[in-house]
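Novice: Predicted model, plus sequence, below.
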Amino acid sequence: MRPATRAILLAAVLHAAVFHAAVASCAVAEDAWSREIPWRQVGLTERQAAAFLLDRFAHGARPGEVDAVVEQGLGNWFQGQLAGDLPGSRLLAKLTTLPAVALEPRELARRYSYRKRGIVRQAVAAGAISKDDYAGKHGKRRLQAAVAALERFAAEQEMRPDSDLLEQLRAQKLLRAVYSESQLVEMLTDFWFNHFNVSATSLHSKVHLLPYERDAIRPHVLGTFRELLGATARHPAMLSYLGNTRSVAEARFITTFDLEMRELDRLSPLEDPTARLRLAKLLGWRRHHQRLRAKGSLRGVNENYARELMELHTLGVDGGYSQRDVVQVARALTGWTTFPPGGYRARLEKALADTDTAADMGFVIEGEFVFRADHHHSEPKTVLGSPLPAGRGIEDGEDVLDLLAAHPSTAHHLARKLAVRFVREDPPPELVARLVRTWELTGGDLREVMSTLVESPELWREAAARAKVKTPFELAASALRALDAEISDPEQTIQWIGRMGQPLYAYGAPTGYPDRGEAWTDVGQLLARLNFGLDLARSEVGGVAFDLARLAGREDLKSLEQAVAVYHPLLMPERDAGRILELVGDAGAESPIEPPSVEPPSAGATELEAQRRSAQHASFAVALLLASPDFQRR
């Protein structure tokens, strides 16, 4: 690329002090809050308000979408988004190319948990190979034959590396953001997954991430917070990520289980025909528990999940809890675990096959979630001043979740976090207070909280109109939507998102990615954004196709200024193009930065040459617009 091209793009990004320039707020009289979306109160036209809705509650506007929202009515459009079930045939067609998306958790673990030992075990059980041959006990030739047979078995059973699963997980996220008609659901899924973050960098959680987002997050983003909290708390992804699968009560505190054992031991088969079977199972659990302790696999109560549950997921760091509360919550959640991988899973399932007996012993089995009574601390506890009686099981954890979900600190913490995400990094206290009131009145109904947010004057004031810097993911998704792009292979776009600083599902800390503009705007990230916009505009991002001439209505573009004027309302509808047009003019007339040299067609130039020059103007204008500060904000 010529230096002048990069220079003018850099000038565009640095224009107006790039992201760090303060957005001047317009003086707006304080009006009373009403149930109507208050766009008129802040002096917006209906088209400007529609464009703003699509910027904040969707991943940007597609061509013609502003007009469609205006025709439908802003309130009707948002109500449709709150329903969360809009059809999307284009998205469904794209998702059919990703087989993992529809698989149940157990089948996902079988196909994509690519551990050689597990595949060998399955191949031996199926008679595909001999265990002794694979171990080399019968010579090199039979070993080589066993290795080849194992590879054929893995292929026949569609067993793939877990890296393939991660690729499909990332691909479906981008495809949903670009093509889903339920855009608010996708925005909220991104928000709540980040809030309840689980990282693909965790070996034990990686295989659970797709069903975690699909089953625990997305279905609940417009339900109640308590439902969402409970779904994440029981999911193997969260339990394994924060170590709760190995959180076990100290032996002296597993009293309920011991009392059950002693009671059964006193019963004769005549008094209770199932007593002997139940006692045998209990003794089996006890022996297994003792073996794990001897091996060091059980290390006692793990406080990680309890701490993050209060600090990050509910109350907030200043939510009024103590270290004693952390310990008590951790004890209440002992026994909350999941089916383990490998051969032990089969043995555990066999032991729990008699569900009536398992329930009698205090075990709970729901999908991949298991509550193990033999790991639970059943002594009395006190959490945030509320007592939890002795002698119980899973009820301790459920009561803790009820308590945390209903706590006033949770309402404030999460209301403010939603305001930061959808309004600005320093949300007005009156807006947060309004969201808190709705939260408390509705019991944490997230649909009602979002309704209150969109009806709040603070959201619509000009100071908030472009106050949020797009994350790399949001930037890529909004660019593809604005260009009405056809994605045949998302991989290169996903790689660009990582280069811009946001590798998807790979933030290692449970905090999730920060929701601050400064996290995305260091020099290296800005240059990556520039290069992404340039490569995309020049159709050099593999797996993505679009037609700039069609978007412009086949207009013959004879200058860069004309091209910018044509594409600006397509990429940034209802925004002022004055600053960018001024920059283009300054670059050609006064600045030492030279715009690209595009010679006017000669008298004998062919129509094809004119089209080529028009295409050059178009691609450069789009690159300039994608790199501009206005497009980088939402």
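Specialist: Looks like it came in fine. Just so we're clear, the structure is a prediction, and the values are computed from it rather than from any experiment.
Novice: For the closest residue to residue 543 other than its chain neighbours, give its distance to residue 94.
Specialist: Once flanking residues are discounted, residue 543 sits nearest to residue 489: 3.0 Å by Cβ to Cβ, 6 or more residues apart in numbering. C-beta here means a position set from N, CA and C on the backbone, and glycine is covered the same way. To residue 94, residue 489 is 11 Å away according to Cβ to Cβ, to the nearest Å.
Novice: Pick out whichever of those two has more residues nearby.
Specialist: residue 94 (23 against 12; other Cβ atoms under 10 Å).
Novice: what about the stretch 251-400 of the chain, any weak spots by pLDDT?
Specialist: Within the stretch 251-400 of the chain, the segments meeting pLDDT under 70 span 251-299, 341-348, 351-358, 360.
Novice: tell me the contacts of residue 104?
Specialist: Contact analysis of residue 104 by Cβ atoms under 8 Å, 6 or more residues apart in numbering lists residue 211.
Novice: going forward, begin numbering at 605 instead of 1
Specialist: Noted, 605 is the first residue going forward, which turns the last one into residue 708.
Novice: Roughly how far does it sit from residue 761?
Specialist: 16 Å.
Novice: Beyond the helix or strand of the chain with the lowest mean pLDDT, next helix or strand please.
Specialist: The least trusted helix or strand in the chain, going by mean pLDDT, DSSP states H and E, turns out to be helix 607-618, with a mean of 44. Note on helix 607-618: by DSSP states H and E, the next helix or strand toward the C-terminus is helix 650-660.
Novice: buried ones in that following helix?
Specialist: Neighbour-count burial for helix 650-660 flags 652-660 (criterion: 16 or more other Cβ atoms under 10 Å).
Novice: now do stretch 1096-1103
Specialist: Result for stretch 1096-1103 [16+ other Cβ under 10 Å]: buried residues 1096-1098, 1100-1101, 1103.
Novice: and which of the residues you listed is nearest residue 794?
Specialist: Nearest to residue 794, judged by Cβ to Cβ, of those is residue 1101 at 12.4 Å.
Novice: What strand or helix carries the closest one?
Specialist: helix 1095-1103.
Novice: Tell me which residues are up against that helix.
Specialist: 771, 774-775, 778, 1076-1077, 1080, 1084, 1091, 1107-1108, 1110, 1132, 1136, 1139, 1145-1148.
Novice: re earlier: now pLDDT and distance to residue 824 too, for the buried residues of stretch 1096-1103, in a markdown table please.
Specialist: Output for these, formatted as a markdown table (pLDDT from 0 to 100; distance: Cβ to Cβ, whole Å):
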| residue | pLDDT | distance to residue 824 |
| --- | --- | --- |
| 1096 | 98 | 32 |
| 1097 | 98 | 28 |
| 1098 | 98 | 26 |
| 1100 | 98 | 31 |
| 1101 | 98 | 25 |
| 1103 | 97 | 32 |
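Novice: Please convert those residues to JSON lines, extending it with distance to residue 1120.
Specialist: Converted to JSON lines, these look like this (distance: Cβ to Cβ, whole Å):
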{"residue": "1096", "distance to residue 1120": "28"}
{"residue": "1097", "distance to residue 1120": "24"}
{"residue": "1098", "distance to residue 1120": "23"}
{"residue": "1100", "distance to residue 1120": "21"}
{"residue": "1101", "distance to residue 1120": "18"}
{"residue": "1103", "distance to residue 1120": "20"}
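Novice: Please narrow the contacts of helix 1095-1103 to those residing in helices.
Specialist: Among the contacts of helix 1095-1103, the members found in helices (DSSP state H) are 771, 774-775, 778, 1076-1077, 1080, 1084, 1132, 1136, 1139.
Novice: Just the buried ones from those residues?
Specialist: The buried subset of these - by 16+ other Cβ under 10 Å - is 771, 774-775, 778, 1076-1077, 1080, 1084, 1132, 1136, 1139.
Novice: pLDDT and distance to residue 1163 added to the residues you listed, as CSV?
Specialist: Listed next are those as CSV, based on pLDDT from 0 to 100; distance: Cβ to Cβ, whole Å:
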residue, pLDDT, distance to residue 1163
771, 96, 42
774, 98, 40
775, 98, 39
778, 98, 34
1076, 98, 32
1077, 98, 34
1080, 98, 29
1084, 98, 27
1132, 96, 29
1136, 97, 25
1139, 96, 23
